[in-house]
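Asker: Quick one: sequence plus predicted model below, questions after.
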Amino acid sequence: MTHDITKTPETVDGLDTTDDDQLRGQRVIQGMRLAFTNDFIWVDTNDEQFPSDRQLLLMSHRRVLQKWGLDNKPIAGETRFLEEGEKWPDVEAMNEAAPQSEWREGPNGLQGPWQCQHLFYFWDPNTFERFTYPTNTVGGHIAVGDLKAAIKDARLVYGARVNPIVTLSDTFMKTKYSASGRQRPHFVVVRWVAMGGVAPPKALAAETKALPAPTQATPEPTQLDLPIMKKPSLAEEMNDEIPDYGNEKDSAEASTPPAAENKKAKAPPARPTARREIKKAPAKTAARSASRKRLSSLEAG
């Protein structure tokens, strides 16, 4: 006998996907664009200063090869995302092969049309606004490389796929163009969080505010209840414990029964022996007294 089981279909509310999802995967810039200026400050798409204490969750990293036009905009159809582990193309050779008519004015003079960039994709963990940091500078490459190295180390330690929540900062670096060096971008890791299966935060969007202008005070961010990773102890990491030999003596003394200690405390005093009872004979003082008398008579004479 068989029974037909009717499964209740999962609720579909149309909020898990958007019409923009397919296009977003092809977009280089997603959400607001972040940039580190020559004045050593972080700005957003509107050239407004980005708050230094605003926390961002790093979601992913990609690399892209693009061809730029004379209007300093990417040429349509000339953008390609590099695969994970794929080597950087020889951009210098590609630019040398390009006609001089395609070269454009850059920060350091004329530059070729081809360019490779790192891309960091961030979310605000409270408002879920999206941000993109593209960079093709030496300082930007160092900042990206440093944070990726920290992520690799953190995932080895925690044994989980964890992502960093960071703030945008800067740090000093030496350059061949300036003897005094300059500041470069830098990401400060605030904490590490495990991704996936996280309950939504309490009072999520009710207190969400627009990004303030640089002259306004930055509101205290509402912390998202993401699971914070704690560094494992040495015993947990090695899956072993080191015995404490120093406590063995203490444990042995602690295990001594009280009766044995009382026996030692109430032991009777030692009995006296014949040798202990022998008294010393008194010294012979008569001879000494006679000799003293003789000396006294001689001194007197």
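Answerer: Nice, thanks for sending it over.
Asker: Contact partners for Asp124?
Answerer: Residues in contact with Asp124 (C-beta atoms under 8 Å, 6 or more residues apart in numbering) are Arg54, Gln55, Leu56, Leu57, Phe131. Where C-beta positions appear, they are placed from N, C-alpha and C, glycine not excepted.
Asker: Could you tell me which strands sit next to the helix or strand where the fourth one lies in the sheet, and their orientation?
Answerer: If you go by DSSP states H and E, Leu57 is part of strand 56-68. For strand 56-68, sheet partners with direction are given as strand 74-81 (antiparallel), strand 114-123 (antiparallel), strand 162-173 (antiparallel), following DSSP bridges.
Asker: now these in JSON lines, with mean pLDDT and distance to Asp47?
Answerer: As requested, these are arranged in JSON lines below (pLDDT from 0 to 100; distance: least, C-beta to C-beta, whole Å):
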{"stretch": "strand 74-81", "mean pLDDT": "93", "distance to Asp47": "20"}
{"stretch": "strand 114-123", "mean pLDDT": "96", "distance to Asp47": "18"}
{"stretch": "strand 162-173", "mean pLDDT": "96", "distance to Asp47": "15"}
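Asker: Compare these and report which one is nearest to Gly145.
Answerer: Closest of the strands paired with strand 56-68 to Gly145 is strand 114-123, at 8.6 Å (criterion: C-beta to C-beta).
Asker: next SSE after the closest one?
Answerer: strand 130-135.
Asker: Quick one: mean pLDDT for that next one?
Answerer: The average pLDDT for strand 130-135 rounds to 97.
Asker: Kindly calculate the angle that that strand makes with strand 56-68.
Answerer: Orientation check (axes from the mean of the first three to the mean of the last three C-alpha atoms, to 10 degrees): strand 130-135 against strand 56-68 gives 50 degrees.
Asker: Now strand 130-135 - C-alpha only, PDB.
Answerer: The C-alpha trace of strand 130-135 is given here as PDB (Å, rounded to 0.1, in the frame of the first residue of the first chain):
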ATOM      1  CA  ARG A 130      27.100  48.100  -1.400                       C
ATOM      2  CA  PHE A 131      30.500  49.600  -2.000                       C
ATOM      3  CA  THR A 132      33.300  48.900  -4.500                       C
ATOM      4  CA  TYR A 133      37.000  49.800  -4.100                       C
ATOM      5  CA  PRO A 134      38.900  49.600  -7.500                       C
ATOM      6  CA  THR A 135      42.600  50.200  -7.600                       C
END
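Asker: Can you list the buried residues in it?
Answerer: Arg130, Phe131, Thr132, Tyr133, Pro134, Thr135 (16 or more other C-beta atoms under 10 Å).
Asker: which one of those residues is nearest Gly77?
Answerer: The closest of the buried residues of strand 130-135, once distances to Gly77 are taken by C-beta to C-beta, is Pro134, at 18.8 Å.
Asker: Around His186, count how many other residues there are.
Answerer: By other C-beta atoms under 10 Å, the residues close to His186 number 19.
Asker: And it, its phi and psi?
Answerer: phi -150, psi 140 (degrees, to the nearest 10).
Asker: Check the separation of the first and last residues in stretch 41-60.
Answerer: 23 Å (C-alpha to C-alpha, to the nearest Å).
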